[in-house]
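S.K.: show me how the following folds:
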Amino acid sequence: MAISSPAHEHANQETGCCSTEARPVSGSPELRSTCNSHEVKSMPIQVTEKAAKEVKRIINETQQSSIPADMMPAFKALEANLGRLPTLTEMAQKLGVPEEEIKTKLGENAVVAFNPIHLRLSVIGGGCSGFQNKLQLDPIVNKARDEVFEAHGVPVAIDKRSLMYLAGATVDFYDELNRHGFHISNPNAKSTCGCGSSYSM
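M.R.: Numbers count the residues shown, from 1 in each chain. Got it, this is the predicted structure:
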């Protein structure tokens, strides 16, 4: 399984091959705590350290590719000094230009460059068995629709509907000769299709 990027398609999303009815999983763990203007809660799923490290690498590549070459030295200097991603306001002050000028220059990439990028997990209908997992990078979080968590420094967003089906799941990353990419192990899955890309509940 690959992660799709908000600004660039780093890799194609895995697709499945044929539908069955699903049941929401009850009894999700208690949720709590806050961070970065979005509520951050205790994880009802697990993201392994190896998976989080790979997500961070992809996020870093995505953000760097969103910054024009002439802005990169200022962006990297701010990031080093602040110990975090600079905001649009901080970047504008560093360059001595209006924020709107940077927004205009970057276009849609401005959202990716100056906002925290979340690893978004979701469950969509499709495939032989009815349901498929989807991983993507998303700089936009909807407070009313999403739950936000943190795993090894990676912000994770899951829409509430998908969370019903993903409670207890584990996201891992493999870099082996015969197995490469992200994998979601979902204990709520009852069966998988022959190609392994979809499942029923």
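S.K.: average pLDDT across stretch 147-154?
M.R.: Across stretch 147-154, the average pLDDT comes to 92.
S.K.: need the CA coordinates for that stretch. PDB is fine.
M.R.: Extracted in PDB, the C-alpha atoms of stretch 147-154 (Å, rounded to 0.1, in the frame of the first residue of the first chain):
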ATOM      1  CA  GLU A 147     -10.400  12.700  15.000                       C
ATOM      2  CA  VAL A 148      -6.800  13.700  15.300                       C
ATOM      3  CA  PHE A 149      -4.100  11.600  17.000                       C
ATOM      4  CA  GLU A 150      -0.300  11.600  17.200                       C
ATOM      5  CA  ALA A 151       2.000   8.600  16.700                       C
ATOM      6  CA  HIS A 152       5.800   9.000  17.100                       C
ATOM      7  CA  GLY A 153       5.600  12.700  16.100                       C
ATOM      8  CA  VAL A 154       3.300  12.100  13.100                       C
END
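S.K.: buried sites along that stretch?
M.R.: Buried residues in stretch 147-154, counted by 16 or more other C-beta atoms under 10 Å: E147, V148, F149, E150, A151, V154. To be clear about C-beta, it is placed using only N, CA and C from the backbone, and glycine gets the same treatment.
S.K.: ok, which stretches of this protein are strands?
M.R.: Using DSSP state E, the strands of the chain run over 34-35, 38-41, 46-47, 118-126, 130-138, 146-151, 154-159, 170-175, 180-185, 191-192, 199-200.
S.K.: closest to E100 out of those?
M.R.: With C-beta to C-beta as the criterion, E100 lies closest to strand 130-138 of these, at 24.2 Å.
S.K.: how far away is E54 from E61?
M.R.: Using C-beta to C-beta, to the nearest Å, E54 is found at 11 Å from E61.
S.K.: of the two, which one has the most company?
M.R.: Neighbours were counted for E54 and for E61 using other C-beta atoms under 10 Å; E54 has more, 19 against 13.
S.K.: what's the spacing between that one and S4?
M.R.: E54 sits 14 Å away from S4, taking C-beta to C-beta as the criterion.
S.K.: swap in P86?
M.R.: Computed as C-beta to C-beta, the P86 to S4 distance reads 25 Å.
S.K.: of these two, give the one with the bigger neighbour count.
M.R.: P86 (21 against 17).
S.K.: per-residue pLDDT of the more buried one, please?
M.R.: 90.
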